[in-house]
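*Asks:* coordinates for the following, if possible.
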Amino acid sequence: MSASRRKRAIPQGWTDAEGVSDFKLLRTLETPFSGASSLDLDVTSELVLVGGANGSSGIYSLAQEDMATILNASDGAIVDVAWAGRNATTASAGGVLRIWDQQGSDSTTIKAHSGGLKALAAHPRDDLLASVGEDKSWVVYDLEASKPVIQAYGEDGMFYGLLG
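*Replies:* Numbering: from 1, shown residues only. As a prediction, this is how the structure comes out:
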């Protein structure tokens, strides 16, 4: 199949393989995240939310070039992170969704899946968040109420029930 694909031209202004080989390392950063597994930029592109396989997560400030906030929890490996407006959210292998306050000092926890979480997605309106779990379900959460509003279970890609 790949032999029959047409080669696409590199868009003007993009670098090519030769240009990449000229890149230089500017700096390295020591972080508390062993095996960073997920990250998300906030809407201002000033903060990076990072989750690690060791269960650590935190907020890195691009402007200050420093870890601004460490998000302390013991829910297992962080499998995904997402910004929901100005609130950081983390999903863990232990099945816990955390919605962190804007200071990162406190969080609301929700456990809707019967197993670990796999992925998060935030709605652009910032009031809805969705998760996918190892239990083959997906959940949509109302962030203002801090509760799930719908959960759908599926098997082999076919959904067979909705709970509200």
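*Asks:* relative to Pro11, how far out is Ala17?
*Replies:* The spacing between Ala17 and Pro11, counted by Cβ to Cβ, to the nearest Å, is 15 Å. Heads up, the C-betas are built off the backbone N, CA and C, glycines and all.
*Asks:* list the buried residues of stretch 67-77.
*Replies:* Counting neighbours by 16 or more other Cβ atoms under 10 Å, one finds that the buried residues in stretch 67-77 are 67, 69, 71, 73, 75-77.
*Asks:* redo the residues you listed as JSON lines? Include distance to Lys136.
*Replies:* Below are these laid out as JSON lines (distance: Cβ to Cβ, whole Å):
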{"residue": "Met67", "distance to Lys136": "35"}
{"residue": "Thr69", "distance to Lys136": "33"}
{"residue": "Leu71", "distance to Lys136": "28"}
{"residue": "Ala73", "distance to Lys136": "25"}
{"residue": "Asp75", "distance to Lys136": "20"}
{"residue": "Gly76", "distance to Lys136": "19"}
{"residue": "Ala77", "distance to Lys136": "20"}
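*Asks:* tell me which of the residues you listed is nearest to Trp100?
*Replies:* Trp100 lies nearest to Leu71 out of those, by Cβ to Cβ, at 5.7 Å.
*Asks:* so the closest one sits against Thr90, correct?
*Replies:* Yes - taking Cβ atoms under 8 Å as the definition, Leu71 is a contact partner of Thr90 at 6.5 Å.
*Asks:* spit out the residues that contact the two alike.
*Replies:* 57, 98, 100 (Cβ atoms under 8 Å, 6 or more residues apart in numbering).
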